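**Q** Starting from these lines, generate the structure:
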Amino acid sequence: MTTIAVDLEQRIADDILSGRIAPGAKLDEQMLAERFNVSRTPVREALRQLLGTGLVESIPRRGAVVTSFGPERLSQLYETIGELETLCARLAAQRMTAIERKELELALVPLLALGAGDADGAGGGWLAAAKAFGVMSVDEYQRIVGFNEKPEQPTPMPGNPERALASMGIYVFNAKFLYEQLIRDADDPHSTHDFGHDIIPHLVNRYRVFAHRFSESCVGSPVGTNPYWRDVGTLDTYFAAHLDVLGMEPRFDAFNPQWPIYSSHYQGPTARVVRGHLDNVLLGAATIISGATIKNSLLRREVVVEPGAEIEDCVIMDYARIGAGAKLRHAIIDRHNVIAPGAQIGYDLERDRAAGYHITEGGLVVVPLGDVRYFSREERRMGGGYSE
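**A** Residues are numbered from 1 along each chain as shown. From the prediction side, this is the model:
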């Protein structure tokens, strides 16, 4: 179909949907050609395409007319649309990547929290999401005047009634004072011995305890964005946090000279890619890729991936070897593992569970720690090696 006919089809469809061309109206080729200043050929092509959409129907001795939708026809149409939308949603869910799933989950957080709120909407949105954390109240000097662990009705933060000040679980103590409080709590028969539930509330009521806002510690965060932080209390959130460092503009960019991260100093060589197809991947030092396909994944140091292997939406930990032709999807492979050539992980959860792998609530497959005496690089097996 010509470009003119495609444009004409859209314009006629817009007129029908807007009501400018009424239901039952005859669509005369000559009149349409004059109206849109085109020949009859593209008009004929456009009408032929509109017949397939259901907006236009052909009636003997009348030609093309705008379809009239009665109650029964409309009911059938909405039924069909509903079935198609359900099918599309199912196919999209089956084909979405872990990164796309994570972005969707983040977008739904306030909506899900709102649904968990009261019937009148009170406590909804981000405020309701704070129920999963320790929530504090502060005065104008940031002194903590109240602390509740996982409250049913979180106290809003000053100046923002839709959000709460949630504890990140990071505390700074004088060591001697902390020892005293731990001993006191251990001797208290009425305590549940929980840091957030017992110790912090006890201190807030008796001592000068202050909050330090996370945003004030995040040097170099992009202007107009929220400082990055994620609770990694589950394997699913741990996995999602790893994916947060992927992409050209990751949610968390570890390259920040103003806020350096001092990790262990590994003296091994850089990664080596001999052949293969890599899409949105981070590689650790001394990793070797040979003829593999890897997408949306992180591979830590000294991982070896053999020819023909396929890895998608995975975190591969140190010293693992992925055998030739193996296929891994939506999985964490812990350190010192050997994935056999041709193995498939993440494609059949029941088979993975039977193999002894852990399956999370989010459908993530976790292969536990392997034999710590095994190293993927043969040179390592001779003894010695780089620092951990």
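
**Q** What about residue 79, how many residues nearby?
**A** When neighbours are defined as other Cβ atoms under 10 Å, residue 79 has 10 of them. For glycine as for every other residue, the C-beta is placed from the backbone atoms N, C-alpha and C.

**Q** so which helix or strand takes in it?
**A** Assigned by DSSP states H and E, residue 79 falls within helix 71-95.

**Q** how about the closest residue in space to residue 15 that isn't next to it in sequence, what does it touch?
**A** In this structure, residue 15 finds its nearest non-sequential neighbour in residue 21, 4.6 Å apart by Cβ to Cβ, 6 or more residues apart in numbering. By Cβ atoms under 8 Å, 6 or more residues apart in numbering, residue 21 lies in contact with 12, 15, 27, 66.

**Q** The first one sits in which helix or strand?
**A** With secondary structure defined by DSSP H and E, residue 12 is part of helix 3-18.

**Q** For that helix, buried residues please.
**A** Buried positions in helix 3-18, judged by neighbour count with 16 or more other Cβ atoms under 10 Å: 4-5, 8-9, 12-13, 15-16.

**Q** still on that earlier bit, return the closest of the contacts of residue 21 with respect to residue 377.
**A** Distance to residue 377 across the contacts of residue 21 (Cβ to Cβ) is lowest for residue 12, with 66.0 Å.

**Q** which residues does residue 365 bridge with?
**A** Taking DSSP bridges as the rule, residue 365 bridges to residue 331, residue 359.

**Q** residues near residue 63, how many?
**A** For residue 63, the neighbour count with other Cβ under 10 Å is 13.

**Q** residues touching it, list them.
**A** Neighbour list for residue 63: 26-29 [criterion: Cβ under 8 Å, 6+ apart].

**Q** swap in residue 278?
**A** Going by Cβ under 8 Å, 6+ apart, residue 278 touches 289, 294-295.

**Q** Would you mind listing the buried residues in stretch 361-377?
**A** 362, 364-367, 370, 375-377.

**Q** Stretch 28-46 too?
**A** With burial defined by 16+ other Cβ under 10 Å, the residues of stretch 28-46 counted as buried are 29, 32-33, 36, 38, 42-43, 45-46.

**Q** and these, which of them are in helices?
**A** Using DSSP state H, the subset of the buried residues of stretch 28-46 located in helices is 29, 32-33, 36, 42-43, 45-46.

**Q** if we look at the helix holding residue 79, which residues are touching it?
**A** 54, 67, 69.

**Q** Same question for stretch 3-12.
**A** 1, 21, 27, 32, 36, 38, 41-43, 45-47, 49-50.

**Q** what pLDDT, on average, does it get?
**A** For stretch 3-12, mean pLDDT rounds to 87.

**Q** ok now it, how far from the chain's centre?
**A** Chain-centre distance of stretch 3-12: 39 Å, with Cα atoms, centre = their mean, to the nearest Å.

**Q** low-confidence ranges in the stretch 101-250 of the chain?
**A** 102-103, 105-126, 218-225 (pLDDT under 70).

**Q** So which residues of it form strands?
**A** Counting by DSSP state E, counting those that start in this stretch, the stretch 101-250 of the chain has these strands, from start to end: 134-138, 144-149, 156-157, 160-166.

**Q** I'd like those strands as CSV, with distance to residue 248 and mean neighbour count appended.
**A** Formatted as CSV, the strands of the stretch 101-250 of the chain follow (distance: least, Cβ to Cβ, whole Å; neighbours: other Cβ atoms under 10 Å):
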stretch, distance to residue 248, mean neighbour count
strand 134-138, 35, 21
strand 144-149, 39, 18
strand 156-157, 33, 18
strand 160-166, 29, 16
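
**Q** need these in TSV with distance to residue 274, can you?
**A** Shown next, in TSV, are these (distance: least, Cβ to Cβ, whole Å):
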stretch	distance to residue 274
strand 134-138	50
strand 144-149	52
strand 156-157	53
strand 160-166	47
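
**Q** mind checking which of the ones you listed is nearest residue 210?
**A** strand 144-149 (6.5 Å).

**Q** distance of the nearest residue to residue 38 once chain neighbours are set aside from residue 254?
**A** Distances taken as Cβ to Cβ, 6+ apart place residue 4 nearest to residue 38, at 6.0 Å, with adjacent residues excluded. Here residue 4 is placed at a distance of 52 Å from residue 254 (Cβ to Cβ, to the nearest Å).

**Q** try residue 194
**A** Per Cβ to Cβ, residue 194 is found 33 Å from residue 254.

**Q** which residues touch residue 328?
**A** Residues in contact with residue 328 (Cβ under 8 Å, 6+ apart) are 309-312, 314, 316, 322, 339, 344-346.

**Q** Of the residues you listed, which belong to strands?
**A** Members of these lying in strands (criterion: DSSP state E): 310-312, 314, 316, 322, 339, 344-345.

**Q** so can I have JSON lines of those residues showing neighbour count and pLDDT?
**A** Output for the ones in strands among the contacts of residue 328, formatted as JSON lines (neighbours: other Cβ atoms under 10 Å; pLDDT from 0 to 100):
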{"residue": "310", "neighbour count": "18", "pLDDT": "97"}
{"residue": "311", "neighbour count": "30", "pLDDT": "97"}
{"residue": "312", "neighbour count": "18", "pLDDT": "95"}
{"residue": "314", "neighbour count": "28", "pLDDT": "96"}
{"residue": "316", "neighbour count": "30", "pLDDT": "97"}
{"residue": "322", "neighbour count": "30", "pLDDT": "97"}
{"residue": "339", "neighbour count": "24", "pLDDT": "97"}
{"residue": "344", "neighbour count": "15", "pLDDT": "97"}
{"residue": "345", "neighbour count": "24", "pLDDT": "97"}
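
**Q** from the residues you listed, which two are the most distant?
**A** Comparing every pair within the ones in strands among the contacts of residue 328 by Cβ to Cβ identifies 316 and 344 as the most remote, at 15.4 Å.

**Q** re the thing from before, what distance do you get for the residue nearest to residue 15 to residue 375?
**A** Between residue 21 and residue 375 the distance is 73 Å, computed by Cβ to Cβ.
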